[in-house]
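Starting from these lines, generate the structure:
(one chain, ligands or ions: 3)
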Amino acid sequence: MPVIVIVGAQWGDEGKGKIVDVLTEKADMVARYQGGHNAGHTVVINNKKFVLHLIPSGILRKNTVCIIGNGVVVEPKALIGEITDLKKRGIKVSHNLLISTNAHLIMPYHIVLDTASEKTKGKKCIGTTGRGIGPTYVDKMARSGIRVGDLLSPEAFQEKLRTNLRHVNFLMKNLYKAPAFNAKKIFEEYMGYARTLRKYIADTDIIVNAAITEKKNLILEGAQGTLLDIDHGTYPFVTSSNSIAGGACTGLGIGPTKITGVIGIVKAYTTRVGSGPFPTELHDAIGKRMREKGGEFGATTGRPRRCGWLDTVILKHSTAVNGLSGVVITKLDILDGLGTIKICTSYRYKGRIYKDMPKDLTILENCTPVYEEFEGWKESTEGITEFRKLPRPAQTYIRKIEEIIGVRVVIVSTGQKRDELIMLREQF
Ligand code: GDP
Ligand code: IMO
Ligand code: MG
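Ligands and ions are numbered 1, 2, ... in the order given. Model (predicted):
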């Protein structure tokens with residue numbers, strides 16, 4: 001039975017949420033393995049829009065077990081808000097959501113530290129979502145983090161909090177000139193969250209491994225994207241976790257031998273939110289058109305997304321570091337009506353051609369993309385469900401992407417809704 005990782009192949013917002021929701025029809029379990037409420041995964045069902053931040057996009061199907069894995073960082077207030085909102089909209093959550101006892105908690109000081117560190121960086125800031133993600137993973141790696149399970153041991157929680165605040169309040173006073181945090185206030189606030197969340201807390205690694213042993217269908221849902229991965233992205237303009245497929249093993253506690261497929265979600269063009277290199281970025285009318293037609297505004301922060309042509313140099317990198325076994329092309333319909341469509345196949349920098357993604361940010365920031373040009377199509381592809389009904393140039397575009405990156409396209413998405421897609425392969 002399949003255990004499939006769904007991973008963003010670009011800089012996030014590729015449409016992972018929609019595809020996870022679609023594939024969940026046949027899944028027993030959906031598990032998030034990293035990131036936090038910096039993610040915004042949009043699912044549209046019967047014209048109703050749901051944006052999921054921490055809860056797996058499988059929650060919208062009744063009988064799917066949803067796991068927030070140990071690799072995720074959890075802001076309890078945001079999580080409770082998300083649970084409440086879903087319940088208000090008629091989605092049942094209580095019976096099928098589980099949160100790893102080992103997931104780290106985002107504390108109020110992490111959020112302040114995130115914003116303060118961005119301010120200190122000035123023009124060189126990362127453009128984070130300001131959700132406290134980076135500082136929470138810093139504490140995790142420094143072995144001073146507070147975990148979801150600590151919510152159930154008030155004394156241990158209080159002691160860890162006090163220890164952390166000694167350090168944090170020193171920084172607040174001496175470096176950031178900001179007000180100190182009060183241990184008692186935070187403790188009481190978090191014990192309130194503990195009362196609401198305790199029924200969801202579990203040893204999720206055991207539950208996930210049992211589901212695999214029972215030959216259940218699992219989807220492991222990545223957040224962010226490959227180029228935002230802490231090791232394999234455009235460091236330091238990245239998020240603080242391993243968003244690539246390998247992160248699913250550490251972020252859930254399963255072995256690599258259990259994963260049966262890795263599906264990369266590829267937007268038919270490229271977008272990025274926040275700072276950092278983006279070789280194919282367009283500052284012209286076409287970029288603006290992609291942003292407006294594609295509704296390219298952050299699902300979490302509302303920030304306009306930077307837009308540009310498809311970049312197969314980064315996609316080849318994604319294919320390798322994730323071991324992609326298939327790709328899904330999303331938002332093909334957004335390219336409808338363009339006279340010419342371009343695909344970047346290499347970069348040129350100081351007279352040299354780069355076919356593989358350079359690690360040096362100076363090259364990535366200053367290179368000139370080398371494009372192959374394709375005929376566009378006038379017809380609408382919105383809602384098309386059969387490949388042969390796509391305009392011929394759109395078919396050529398899909399086949400060209402396959403050829404360049406050497407991975408089969410398994411689904412083409414042609415609209416926001418569940419049924420707006422072309423299923424090319426049922427087995428990944
Ligand atoms: P995620 O973070 O990867 O889940 O992606 P987001 O939800 O942040 O952004 C993707 C946006 O594109 C959402 O608004 C989706 O509803 C929308 N979307 C997904 N697939 C398609 C598609 O094939 N066509 C169109 N027009 N919109 C899509
Ligand atoms: P989904 O899951 C796009 C970006 C931020 C910033 C960088 C670091 O919806 O695809 P962070 O707050 O994580 O420390 O910010 O990462 N970023 C995303 N960009 N989609 C996301 O999630 C993102 N999550 C973080 O804009 O550049
Ligand atoms: Mg998103």
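
From now on I want contacts and neighbour counts done on CA atoms only, so please keep to that.
Fine.

Bridged to residue 306, which residues?
residue 272 (DSSP bridges).

any idea how far it is from ligand 2?
From residue 306 across to ligand 2, the span is 10 Å (C-alpha to the nearest ligand atom, to the nearest Å).

repeat for residue 147
Using C-alpha to the nearest ligand atom, residue 147 is found at 19 Å from ligand 2.

what residues are up against that residue?
Shown in contact with residue 147 (C-alpha atoms under 8 Å, 6 or more residues apart in numbering): 101-105.

what mean pLDDT does the longest strand belonging to the chain have?
In terms of residue count, the longest strand belonging to the chain (DSSP state E) is strand 340-349. Strand 340-349 comes out with an average pLDDT of 98.

go on, stretch 260-271?
The model assigns stretch 260-271 a mean pLDDT of 98.

just so I have it, where are all the helices in the protein?
Assigned by DSSP state H, the helices in the chain fall at 16-23, 76-88, 108-121, 133-141, 154-174, 183-197, 204-213, 247-252, 285-293, 312-322, 361-366, 392-405.

possible to save those helices as a markdown table with mean neighbour count?
Shown next, in a markdown table, are the helices of the chain (neighbours: other C-alpha atoms under 10 Å):
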| stretch | mean neighbour count |
| --- | --- |
| helix 16-23 | 24 |
| helix 76-88 | 16 |
| helix 108-121 | 17 |
| helix 133-141 | 20 |
| helix 154-174 | 15 |
| helix 183-197 | 15 |
| helix 204-213 | 17 |
| helix 247-252 | 24 |
| helix 285-293 | 16 |
| helix 312-322 | 21 |
| helix 361-366 | 16 |
| helix 392-405 | 16 |
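
Now residue 182. Its backbone dihedrals?
phi -100, psi 120 (degrees, to the nearest 10).

Mind pulling up the pLDDT for it?
Residue 182 is given a pLDDT of 98.

for the one 10 residues further on, same thing?
What the model reports as pLDDT for residue 192 is 98.

Which residues are in contact with residue 172?
Contact analysis of residue 172 by C-alpha under 8 Å, 6+ apart lists 178-180.

List, one by one, the residues from this protein near ligand 1.
The interface of the chain toward ligand 1, taken as C-alpha under 6 Å from any ligand atom, is made up of 12-18, 40-44, 294, 299, 330-334, 413-416.

ok so, going back, switch the contacts of residue 147 over to a markdown table; also include neighbour count and distance to ligand 3.
Listed next are the contacts of residue 147 as a markdown table, based on neighbours: other C-alpha atoms under 10 Å; distance: C-alpha to the ion, whole Å:
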| residue | neighbour count | distance to ligand 3 |
| --- | --- | --- |
| 101 | 22 | 25 |
| 102 | 23 | 25 |
| 103 | 27 | 21 |
| 104 | 25 | 21 |
| 105 | 26 | 21 |
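
Kindly provide the distance from the spatially closest residue to residue 222 that is not a sequence neighbour to residue 369.
Spatially, and ignoring its direct neighbours in sequence, residue 222 is nearest to residue 7 (4.9 Å; C-alpha to C-alpha, 6 or more residues apart in numbering). Distance from residue 7 to residue 369, counting by C-alpha to C-alpha, to the nearest Å: 25 Å.

When these two are compared, which one has more neighbours?
For residue 7 versus residue 369, neighbours defined as other C-alpha atoms under 10 Å are more numerous around residue 7 (32 against 22).

Enumerate every residue touching that one.
16, 221-223, 225-226, 243-245, 262-265.

Recalculate using a threshold of 7 Å.
Contacts for residue 7 (C-alpha atoms under 7 Å, 6 or more residues apart in numbering) come out as 221-222, 225, 244-245, 263-265.

Let me have the helices of the chain in CSV, adding distance to ligand 2 as columns.
CSV is the format used below for these (distance: least, C-alpha to the nearest ligand atom, whole Å):
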stretch, distance to ligand 2
helix 16-23, 7
helix 76-88, 14
helix 108-121, 8
helix 133-141, 5
helix 154-174, 19
helix 183-197, 22
helix 204-213, 21
helix 247-252, 14
helix 285-293, 14
helix 312-322, 15
helix 361-366, 15
helix 392-405, 21
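
Output those as CSV; include the columns distance to residue 51.
Below are the helices of the chain laid out as CSV (distance: least, C-alpha to C-alpha, whole Å):
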stretch, distance to residue 51
helix 16-23, 8
helix 76-88, 9
helix 108-121, 21
helix 133-141, 19
helix 154-174, 31
helix 183-197, 21
helix 204-213, 24
helix 247-252, 22
helix 285-293, 19
helix 312-322, 25
helix 361-366, 32
helix 392-405, 28
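
Of the ones you listed, give the one that comes closest to ligand 3.
Comparing the helices of the chain against ligand 3 with C-alpha to the ion, the closest turns out to be helix 16-23 (7.6 Å).

Done for today, thanks.
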